[in-house]
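Trainee: Dropping a prediction and its sequence here:
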Amino acid sequence: MAKKNQTLGEFIIENQASFKYTSGELSRLINSIRLAAKVVNHEVNKAGLVDIIGAAGETNIQGEDQQKLDVYANDKFIQTLTNRNIVCGIASEEEDDFIVVNSQDENHQNKYVVLIDPLDGSSNIDVNVSVGTIFSIYRRVTPVGTPVSKEDFLQKGSEQVAAGYVVYGTSTMLVYTTGDGVNGFTLNPAIGTFYLSHPNMEFPEDGKIYSVNEGNYIHFPIGVKKYIKYCQEEEGDRPYTSRYIGSLVSDFHRNMIKGGIYMYPKSSKNSNGKLRLLYECNPMAFLAEQANGKASDGFNRIMDVQPTELHQRIPFFCGSKNMVEKAEEFMKENS
């Protein structure tokens, strides 16, 4: 039973038995992510004081300009996960290909792979807006003791064993699930410890917030346009409030607490959508479903989609169950 104000370490130990694989590796893995998050948080909070903001001068595999903090966060998470000898492979939104991690043990017994978006919303860093880290954990499907292959990473979201995010905002929070509900932990910066502050987090079934980049309205499918108009109509509990930060972690976090829907549909500019299935949509979908919410591509459950490539993009509708289902209605009627 989650107890408010217990530390993340205490929570992991106390709840380890509820996880179907109880070897302790997953607990050590969550602890590694916690450590890397604290290091990145420290650097994020120094942005503006040291030369860590702005573009790094490189582009990632998606052709997007990398920010200096993108590179820093990516290096820190990979370094921490590799040095602690827990995972057998890592895939990052900032890397062209997956990374094979060879255990110091010649038998290479590590069973988990991690997929990560090291710094979601990093373009907001320069203007002091919340950013975050998103992570997803799977058990490998290739034989233990052999190098990982792409097959280990191209698993459906329904195969995730854990997922979560860190939001670096007015306070720093780590929110995660291992398939037994969602819990949020807030960092006490004075002593560097995460405490359980939001036990058993859940989306309200209905909400009054819709989060979408309305600047792209002209490029959206007709179903999305009609749903946005529905949100703006004065009827019943509508119009809804439009709130869009442009950082998936921040928008998702607010909507989970207050009730709302986040949308990043396909468009005439991005025919497959813009968000990444493996690094953003699957982990957020797992969290949403564990928090009584829903995640869809507008027609189908996100976690049923079979990935075909590491950096695959997909349309994304996520949040309060009734709101997502209403958006799906508009999509299906106008497909």
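Mentor: It's in.
Trainee: who touches the spatially most central residue of the chain in this structure?
Mentor: Against the mean C-alpha coordinate of the chain, by Cα atoms, centre = their mean, the closest residue is Ile134 at 3.5 Å. If a contact means Cβ atoms under 8 Å, 6 or more residues apart in numbering, then Ile134 has Ile116, Asp117, Asp120, Ala163, Gly164, Tyr165, Leu248, Val249, Tyr279, Glu280, Pro283, Met284 as its contacts. Quick note: C-beta positions are derived from backbone N, CA and C, even for glycine.
Trainee: Just the residues you listed: which are in strands?
Mentor: In strands, judged by DSSP state E, the following of the contacts of Ile134 are found: Ile116, Asp117, Asp120, Ala163, Gly164, Tyr165.
Trainee: all strands of the stretch 201-335 of the chain, in order?
Mentor: For the stretch 201-335 of the chain, strands defined by DSSP state E, counting those that start in this stretch occupy the ranges 209-211, 241-242, 260-264, 293-296, 316-320.
Trainee: Which of those strands has the highest mean neighbour count?
Mentor: Each of the strands of the stretch 201-335 of the chain was assessed for mean neighbour count using mean count of other Cβ atoms under 10 Å. The highest is strand 316-320, with a mean of 28.
Trainee: Of the ones in strands among the contacts of Ile134, select the buried ones using a ChimeraX command.
Mentor: Of those, the buried ones can be selected in ChimeraX as follows, counting by 16 or more other Cβ atoms under 10 Å:
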select :116,117,120,163,164,165
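Trainee: According to the record, where do the domains of this structure fall?
Mentor: As recorded under automatic domain parsing, the domains making up the chain are 8-198, 209-333.
Trainee: Figure out how far the first one is from the centre of its chain.
Mentor: Domain 8-198 has its average C-alpha position 10 Å from the chain's average C-alpha position, going by Cα atoms, centre = their mean, to the nearest Å.
Trainee: three-state assignment of Tyr72?
Mentor: helix (DSSP: H, G, I helix; E, B strand; the rest coil).
Trainee: lowest-confidence stretch among the domains of the chain?
Mentor: Ranked by mean pLDDT, these end with domain 8-198 in last place, scoring a mean of 84.
Trainee: distance between the ends of it?
Mentor: End-to-end span of domain 8-198 (Cα to Cα, to the nearest Å): 12 Å.
Trainee: now the helices: where do they sit in the stretch 51-200 of the chain?
Mentor: 68-83, 150-153 (DSSP state H, counting those that start in this stretch).
Trainee: what's around Tyr176, how many residues?
Mentor: 24 (other Cβ atoms under 10 Å).
Trainee: buried stuff in the longest helix that the chain contains?
Mentor: Secondary structure assigned by DSSP state H gives helix 25-44 as the longest helix of the chain. Of all the residues in helix 25-44, those buried under the rule 16+ other Cβ under 10 Å are 25-27, 29-38, 40-41, 43-44.
Trainee: Next, the angle from that helix to helix 68-83.
Mentor: Helix 25-44 and helix 68-83 are oriented at 150 degrees to each other (axes from the mean of the first three to the mean of the last three Cα atoms, to 10 degrees).
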